[in-house]
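*Asks:* Just to be clear, the model below is a prediction. Sequence and coordinates:
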Amino acid sequence: MNALELAIEMEREGRQYYLDQAEINKDNELSKVFLLLADSEKEHEDLLRKRLNKEEYAFKEDQSFISIKSVFNGLKEYEASDIRKASQLDVYRLALDIEEKSIDHYQKMLEDATEDKDKELFKFLIKEEKQHMNLFDKLVEMLTRPDEWVESPEFGLREDY
């Protein structure tokens, strides 16, 4: 399996993971986030497949993060416990790990790339995956902050969350 085929498989597995999480979270707003991420992973898979088959492709900036921000604003109305099932934090941390591995793989592919078209593709995918990683980082922060944040005058001012 060459690097492009491995990347396609990683995107396919990531998409399936997000679809599974969307189903698990179908009773709350997070299902929308996971469905948007699944769509994004499918677009990445399609780009890589086209590159593998030497077909023409064009980059499409991921606009889903505009929608995801509105979902996050809606989540502020929930208590953290409403969206934290027993292992939900582990789900987000695993998603962070998936995205980090994708970034590392694309970074290696970028370093090994000799064609400008390949370099452009891998830079684009790195940027997209960093956005996904940032999303899950924010989710982890949102869920762990109530447990870590201490409200006391002696600890000074804290940023809003």
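*Replies:* Thanks, I have it.
*Asks:* any low-confidence regions in the chain?
*Replies:* For the chain, the stretches with pLDDT under 70 are 62-87, 146-161.
*Asks:* can you tell me which helix in it is longest?
*Replies:* When the chain is parsed with DSSP state H, its longest helix is helix 116-148.
*Asks:* by contact count, what packs against that one?
*Replies:* Helix 116-148 sits against helix 30-52, helix 64-75, helix 80-83, helix 88-112, with contacts defined as 3 or more C-beta pairs under 8 Å, 6 or more residues apart in numbering; DSSP states H and E. Using the backbone N, CA and C atoms, a C-beta is placed for each residue, glycine as well.
*Asks:* and the first one, C-alpha only, in PDB?
*Replies:* Output of helix 30-52 as PDB, limited to C-alpha atoms (Å, rounded to 0.1, in the frame of the first residue of the first chain):
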ATOM      1  CA  LEU A  30     -23.100  16.800  18.600                       C
ATOM      2  CA  SER A  31     -24.600  14.600  15.900                       C
ATOM      3  CA  LYS A  32     -24.500  17.600  13.600                       C
ATOM      4  CA  VAL A  33     -20.800  18.100  14.400                       C
ATOM      5  CA  PHE A  34     -19.900  14.500  13.700                       C
ATOM      6  CA  LEU A  35     -21.900  14.500  10.400                       C
ATOM      7  CA  LEU A  36     -20.200  17.600   9.200                       C
ATOM      8  CA  LEU A  37     -16.800  16.000  10.000                       C
ATOM      9  CA  ALA A  38     -17.800  12.800   8.200                       C
ATOM     10  CA  ASP A  39     -18.600  14.800   5.100                       C
ATOM     11  CA  SER A  40     -15.300  16.600   5.300                       C
ATOM     12  CA  GLU A  41     -13.400  13.300   5.600                       C
ATOM     13  CA  LYS A  42     -15.300  12.000   2.500                       C
ATOM     14  CA  GLU A  43     -14.200  15.100   0.600                       C
ATOM     15  CA  HIS A  44     -10.600  14.500   1.600                       C
ATOM     16  CA  GLU A  45     -10.900  10.900   0.500                       C
ATOM     17  CA  ASP A  46     -12.300  11.900  -2.800                       C
ATOM     18  CA  LEU A  47      -9.400  14.400  -3.300                       C
ATOM     19  CA  LEU A  48      -6.900  11.800  -2.500                       C
ATOM     20  CA  ARG A  49      -8.500   9.200  -4.800                       C
ATOM     21  CA  LYS A  50      -8.600  11.600  -7.700                       C
ATOM     22  CA  ARG A  51      -4.900  12.300  -7.100                       C
ATOM     23  CA  LEU A  52      -4.100   8.600  -7.000                       C
END
